[in-house]
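Q: Any chance you could fold what I've pasted below:
(3 chains)
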Amino acid sequence: MARTARGSTQEREKKRICSVCGSDSFYEDPRRGESICTSCGCVAEDHIMDHGPEWRAFTTEERNARARTGAPMTLTIADKGLATAISWTNRDAAGRSIKGSRRAEIYRMRKWQIRSWAHGSKQTNLRQAMSEMDRLTSQLGVPRKTKETAAHIYRKALDKRLVRGRTIEGVVAASIYLSCRIHRIPRQLDEVVNQSKIKRRELGNCVRLILRYVDVHVPLPSARDLIPRISSDLGFQGKTIKTATDIISQARREGITVGKDPGGIAAASLYIAGILEDDRRTQREIAEASNVTEVTVRNRYKDLVRSLGITMR
DNA sequence: AAGACGAAAGTGGTTGA
DNA sequence: TCAACAACTTTCGTCTT
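A: From the prediction side, this is the model:
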């Protein structure tokens, strides 16, 4: 199982080798936060950390203008992580205590900062939302970029007053789910429901609401995006994964994937690919890894074989 | 005996009146 | 709000390897 096999950090730094095919060549996908073996396509490591800056620059001037120290600017903190806080200790930068009129001035500044900063209803909402977002994204293990997009969607939803009359948790969970779909990270609605305290129905409603009123372009969930995850769970060979992907592309062209659960399509195509490439798994194993039942695997597999004219031995 | 297959009945979501 | 519907699940008996 490539997904679970990982050595110590030092070991990985010394020489990393794919536990499935033995190759030492990896492609790091910072969008998904995954490291993928270039020869067999299995996920060698997930949740990898991105050490780069949060901005992009195309010229030296741009780079000089944007470079700064401190934590990255981020939408996932209510004040974008850039606010200056006035300390409660009446001391200056050198540690000397501040006296007299200067002290009174700082006291007034502190008072107004707190009033303007923490007491707006939007800020209060964002604070709660961002802490919920922190919790949920780390439970689900989504990369920083995806969390950032989720925060962006949430801010838009808040601006359009969609959170009113709904729970913050619901809208946060919906933002994360949609962001995962935008970044083509396979997190299913049920996974998000399992990690949060909201009901499936509520999440579904929030997702629909955001899709309708917030200007976001979200691609439909595709079976192809589920393939790397399922196949690395079951340790399929590279050629089997490729065949399965081809089957999905063909099925898509034939238009037999619409309205069907992508999990079922992914499972069935892997099952067929396994038989064709002599890399078999039982229907039960595949069904379990794809979160569908054996019956669904069977039904989709029959559909695919019939519509694509695949002949099996 | 394990795995594959298929039928029947039940469930939760979507759509249109 | 409700009925109709498609997709999917659960369950169980039978066939195949």
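Q: Sticking with A:Ile247, tell me its helix or strand.
A: helix A:238-254 (DSSP states H and E).
Q: hmm, who's touching that helix?
A: Residues outside helix A:238-254 that contact it (C-beta atoms under 8 Å, 6 or more residues apart in numbering) are A:21, A:39-42, A:222-224, A:227-228, A:231, A:236, A:257, A:265-266, A:269-270, A:272-274, A:276-277, A:279, A:304, A:307-308, A:310. Any C-beta I mention is one placed from the backbone N, CA and C, and that applies to glycine too.
Q: If we use 7 Å, what do you get?
A: Identification of contacts with helix A:238-254 by C-beta atoms under 7 Å, 6 or more residues apart in numbering yields A:21, A:39-41, A:223-224, A:227, A:231, A:257, A:265, A:269-270, A:272-274, A:276-277, A:279, A:304, A:307-308.
Q: Give me the subset of those lying in helices.
A: Taking DSSP state H as the definition of helices, the contacts of helix A:238-254 contribute A:223-224, A:227, A:231, A:265, A:269-270, A:272-274, A:276, A:304, A:307-308.
Q: Of those, just say which sits nearest to DNA strand C.
A: The closest of the ones in helices among the contacts of helix A:238-254 to DNA strand C turns out to be A:Ile265 (C-beta to the nearest atom of the strand; 7.4 Å).
Q: Setting aside sequence neighbours, what's the nearest residue to that closest one?
A: Closest residue to A:Ile265 apart from its sequence neighbours, by C-beta to C-beta, 6 or more residues apart in numbering: A:Ala223 at 3.8 Å.
Q: so how far is A:Ser269 from A:Ile247?
A: Distance from A:Ile247 to A:Ser269, counting by C-beta to C-beta, to the nearest Å: 4 Å.
Q: Could you check which of those two is surrounded by more residues?
A: A:Ser269 (31 against 24; other C-beta atoms under 10 Å).
Q: quick one: contacts for the more buried one?
A: A:223, A:244, A:247-248, A:304.
Q: Buried only: go through the residues you listed for me.
A: A:223, A:244, A:247-248, A:304 (16 or more other C-beta atoms under 10 Å).
Q: A:Ser35: helix or strand, and which one exactly?
A: strand A:34-37.
Q: picking that back up, kindly reformat the ones in helices among the contacts of helix A:238-254 as CSV containing pLDDT and distance to DNA strand C.
A: Listed next are those as CSV, based on pLDDT from 0 to 100; distance: C-beta to the nearest atom of the strand, whole Å:
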residue, pLDDT, distance to DNA strand C
A:Ala223, 85, 10
A:Arg224, 87, 15
A:Ile227, 89, 16
A:Ser231, 88, 19
A:Ile265, 90, 7
A:Ser269, 91, 13
A:Leu270, 92, 15
A:Ile272, 91, 16
A:Ala273, 92, 19
A:Gly274, 91, 15
A:Leu276, 90, 17
A:Leu304, 88, 12
A:Ser307, 83, 13
A:Leu308, 85, 16
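Q: buried subset of those?
A: Judged by 16+ other C-beta under 10 Å, buried ones among the ones in helices among the contacts of helix A:238-254: A:223-224, A:227, A:231, A:265, A:269-270, A:272-274, A:276, A:304, A:308.
Q: quick one: which two of the residues you listed are the most distant?
A: Using C-beta to C-beta, the pair of these lying farthest apart is A:Ser231 and A:Leu308, separated by 19.5 Å.
Q: how's chain A carved up into domains?
A: With domains defined by automatic domain parsing, chain A comprises A:9-46, A:84-117, A:121-213, A:223-308.
Q: closest to A:Thr74 out of those domains?
A: domain A:121-213 (6.5 Å).
Q: wait, does stretch A:286-293 contact DNA strand B?
A: No - Stretch A:286-293 does not reach DNA strand B (C-beta under 7 Å from any atom of the strand); its nearest approach is 8.2 Å.
Q: what number of residues lie near A:Gln128?
A: 14.
Q: cool, the one 3 residues further on as well?
A: Other residues within reach of A:Ser131 by the criterion other C-beta under 10 Å amount to 15.
Q: can you list the residues of the stretch 151-300 of chain A near DNA strand B?
A: By C-beta under 7 Å from any atom of the strand, the residues of the stretch 151-300 of chain A that approach DNA strand B are A:200-201, A:204, A:208, A:280, A:282-284, A:294-295, A:298.
Q: Serialize those to TSV and add fields for secondary structure.
A: Listed next are those as TSV, based on DSSP: H, G, I helix; E, B strand; the rest coil:
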residue	secondary structure
A:Arg200	helix
A:Arg201	helix
A:Gly204	helix
A:Arg208	helix
A:Arg280	coil
A:Thr282	coil
A:Gln283	helix
A:Arg284	helix
A:Glu294	helix
A:Val295	helix
A:Arg298	helix
